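[1] Turn this into a structure:
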Amino acid sequence: MIPNGVDVGKFHPRWPTPALRRELDLPPGVPTAAIVAALRPEKNHELFLHAAAIVRRQLPQAQFLVVGDGPRRAELEVLARLLSLDESVRFLGARRDVPDLLALADVFVLTSHMEANPVSILEAMAVEKPVIATRVGSVPETVIDGKTGFLTTPGSAEEIASRLIELLQSPTRRPPWAAPAARK
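    Take a look at the predicted model:
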């Protein structure tokens, strides 16, 4: 077996880019979570959005980045509006600047129903972002619960939201370049 890998010359810890923050209208210091995945059914972006809605009840300033595109974009945008997330979720489409987008996020989330060996988790880990992922497929081989990230029950928006709130409220659980004070 040959496992997936990541270009660590491209994916490495970095400070957030102020110009990108301005482009996305993402205020400095706001807690931010991101998902990087094609907008396909197996990636279960609905779960990400439902968890975001729960997080917003406790952290109304929280922001969420959806990086990727696909056939489900229109219905996911409708769901975000129905969940009153239109001011806090940014659908960014397919992007070439994923390392810089990950630098803006405090936490990386992957909410898939099924997975093989997701490269997006490896990319987030290479950028030293905390990872929250569903316990599916080979994800537990990469994300060691409580050590390299957190695993949640597939389909549990409450578990994902709980971990998100914990990490977004606790800068000491994140690398220094992701802490709110460093996001100028």
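[2] State the phi and psi torsions of residue 49.
    Phi and psi for residue 49, reported as degrees, to the nearest 10, are phi -70, psi -40.
[3] show me the contacts for it.
    By CB atoms under 8 Å, 6 or more residues apart in numbering, the contact set of residue 49 is 64, 76, 79, 80, 83, 85, 89. No exception for glycine: its C-beta is placed from N, CA and C like everyone else's.
[4] And residue 12, by the same measure?
    99, 126, 127.
[5] neighbours around the last one, how many?
    Just to be clear, that refers to residue 127. Using other CB atoms under 10 Å, residue 127 has 25 other residues around it.
[6] is it true that it touches residue 11?
    Yes - using CB atoms under 8 Å, residue 127 is in contact with residue 11, at 5.5 Å.
[7] okay, and the common contacts of those two?
    Shared contacts of residue 127 and residue 11, counting by CB under 8 Å, 6+ apart, come down to 99, 102.
[8] Which one (most neighbours) among the contacts of residue 49?
    Busiest of these [other CB under 10 Å] is residue 64, holding 26 neighbours.
[9] can you give me phi and psi for that residue?
    Main-chain dihedrals, residue 64, degrees, to the nearest 10: phi -140, psi 130.
[10] Tell me if I'm right that it and residue 85 touch.
    Yes - counting by CB under 8 Å, residue 64 does reach residue 85; the two are 7.2 Å apart.
[11] Now list whatever residues contact both of the two.
    Residues within reach of residue 64 and of residue 85 at once, by CB under 8 Å, 6+ apart, are 49, 52.
[12] Low-confidence ranges, this protein, go.
    1-2, 171-184 (pLDDT under 70).
[13] all helices of it, in order?
    Assigned helices in the chain, in chain order: 18-23, 45-58, 73-82, 98-104, 119-126, 139-142, 157-168 (criterion: DSSP state H).
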